[in-house]
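>>> Build me a model from this:
(one chain, ligands or ions: 2)
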Amino acid sequence: MPRQDTHAKIAEHVQRLGERYPPIPLSSVDRTINDPAAVKARFGHTIDYLARVELEVDRNVLELLVLIPDVDDTNKTFYSDVWQPQEIQHGLILDRLQHDLGRPATEPHLDVSFRVKVLGALTQFKPVQDVAKLLYFLTGASTERQAVLAYNLINDGMVEMGETAISQTILNPIKQQEPGHFAFYQMSATQMIQSKALRPWQLFLARVLREKSYGLVGTNAMKRYKTDMGGVALDLGLDRDLEGYAREIGRVESRLLWAHKQGMQFPPYIFGALQESIELYQSRVSTA
Ligand SMILES: [Fe+2]
Ligand SMILES: [Fe+2]
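Ligands and ions are numbered 1, 2, ... in the order given. Now for the predicted structure:
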């Protein structure tokens with residue numbers, strides 16, 4: 001597809017998301033919880049984790065501006081009119097749910113890491129900025145896919161437990177917004193590859209950096225969050241088919257970065273990150 005058309009398609013997608021999905025108001029939530037103890041036991045840890053990740057959207061926006069100082073209008077509209085306003089409401093709604101469940105308040109991690117700042121300094125050099133941009137889109141695609149799957153699984157659990165208010169007024173509305181975020185990042189990354197915006201050395205650099213820096217959603221390259229993520233993976237039952245899950249969340253980058261590796265089911269670093277998180281969590285539990 002010609003470059004112009006794809007750009008227009010992405011811009012239209014962003015506009016449609018903004019029109020179709022206004023941020024979810026706190027007042028639209030029915031706070032009825034039938035069995036708080038049961039919800040807390042089954043999903044308390046996962047809700048804590050997701051509330052934090054959603055509230056960290058403000059740091060994600062700062063990172064975007066550090067990594068891609070020349071951000072274009074479509075990206076600007078996406079993060080300022082669609083993504084940030086939607087995610088922050090997800091965070092506030094889940095944070096209040098945590099409170100209603102008697103869990104301690106979330107403490108989002110809002111400092112831009114040294115690593116991002118270093119990469120940011122390098123992106124003064126435009127070809128490196130293009131590499132950072134591709135990585136940013138791939139990160140978005142993988143993390144949003146994780147969000148879609150997590151909310152689906154929690155919602156199934158809530159329906160099973162008869163928590164209709166949580167399902168219908170919290171999870172369903174959130175669940176409707178995440179796939180549009182995923183689609184934005186997927187389309188943007190695909191556009192960069194298909195238009196051949198990157199030269200072979202840039203793609204090589206992108207692969208090396210991706211292998212070295214891949215992180216599951218919300219882990220922020222920090223051990224305690226990686227460990228927490230292991231607990232989320234177990235609570236959601238991801239360990240029952242970890243390879244299938246790695247395939248799901250790695251599909252976009254398998255296709256765009258690793259197509260030349262015949263027979264690669266999923267990038268090994270994704271599977272490795274999942275295993276690492278689960279092992280960290282298991283050793284935390286066993287030493288507690
Ligand atoms: Fe979200
Ligand atoms: Fe999202």
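
>>> Count the neighbours of the residue in the chain positioned nearest to ligand 2 for me.
At 3.7 Å from ligand 2, H181 is the closest residue in the chain, using CB to the ion. Where C-beta positions appear, they are placed from N, C-alpha and C, glycine not excepted. By the criterion of other CB atoms under 10 Å, H181 has 23 neighbours.

>>> From Q15, how far out is it?
14 Å (CB to CB, to the nearest Å).

>>> related to what we said a few turns ago, you'd agree the residue of the chain closest to ligand 2 is up against G140?
Yes - judged on CB atoms under 8 Å, H181 makes contact with G140 at a distance of 7.1 Å.

>>> where does the chain dip in pLDDT?
Residues of the chain meeting the criterion pLDDT under 70: 1-4.

>>> Helices of that one, residue ranges please.
For the chain, the helices defined by DSSP state H cover 3-20, 36-55, 57-67, 73-77, 84-100, 114-122, 126-160, 164-166, 172-194, 200-213, 223-235, 242-257, 268-287.

>>> May I see those helices organised as JSON lines, with distance to P108 added?
As requested, these are arranged in JSON lines below (distance: least, CB to CB, whole Å):
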{"stretch": "helix 3-20", "distance to P108": "23"}
{"stretch": "helix 36-55", "distance to P108": "4"}
{"stretch": "helix 57-67", "distance to P108": "7"}
{"stretch": "helix 73-77", "distance to P108": "23"}
{"stretch": "helix 84-100", "distance to P108": "7"}
{"stretch": "helix 114-122", "distance to P108": "16"}
{"stretch": "helix 126-160", "distance to P108": "15"}
{"stretch": "helix 164-166", "distance to P108": "22"}
{"stretch": "helix 172-194", "distance to P108": "17"}
{"stretch": "helix 200-213", "distance to P108": "21"}
{"stretch": "helix 223-235", "distance to P108": "11"}
{"stretch": "helix 242-257", "distance to P108": "22"}
{"stretch": "helix 268-287", "distance to P108": "19"}
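
>>> I'd like to know which of these is closest to ligand 1.
helix 84-100 (3.8 Å).

>>> Mind giving me the packing neighbours of that closest one?
Judged by 3 or more CB pairs under 8 Å, 6 or more residues apart in numbering; DSSP states H and E, the packing partners of helix 84-100 are helix 36-55, helix 57-67, helix 172-194.

>>> That helix close to ligand 1?
Yes - Helix 84-100 comes into contact with ligand 1 (CB under 5 Å from the ion), by way of E87, H90.

>>> list the buried ones in that helix?
Burial within helix 84-100, assessed by neighbour count using 16 or more other CB atoms under 10 Å, is assigned to 84-98, 100.

>>> Could you single out the nearest of these to G215?
E87 (17.5 Å; CB to CB).

>>> related to what we said a few turns ago, distance of the residue of the chain closest to ligand 2 relative to P85?
12 Å.

>>> Check D130 too.
In terms of CB to CB, D130 sits 28 Å off from P85.

>>> Q124 too?
Remark: distance between Q124 and P85 (CB to CB) = 30 Å.

>>> Sweet, I'm off.
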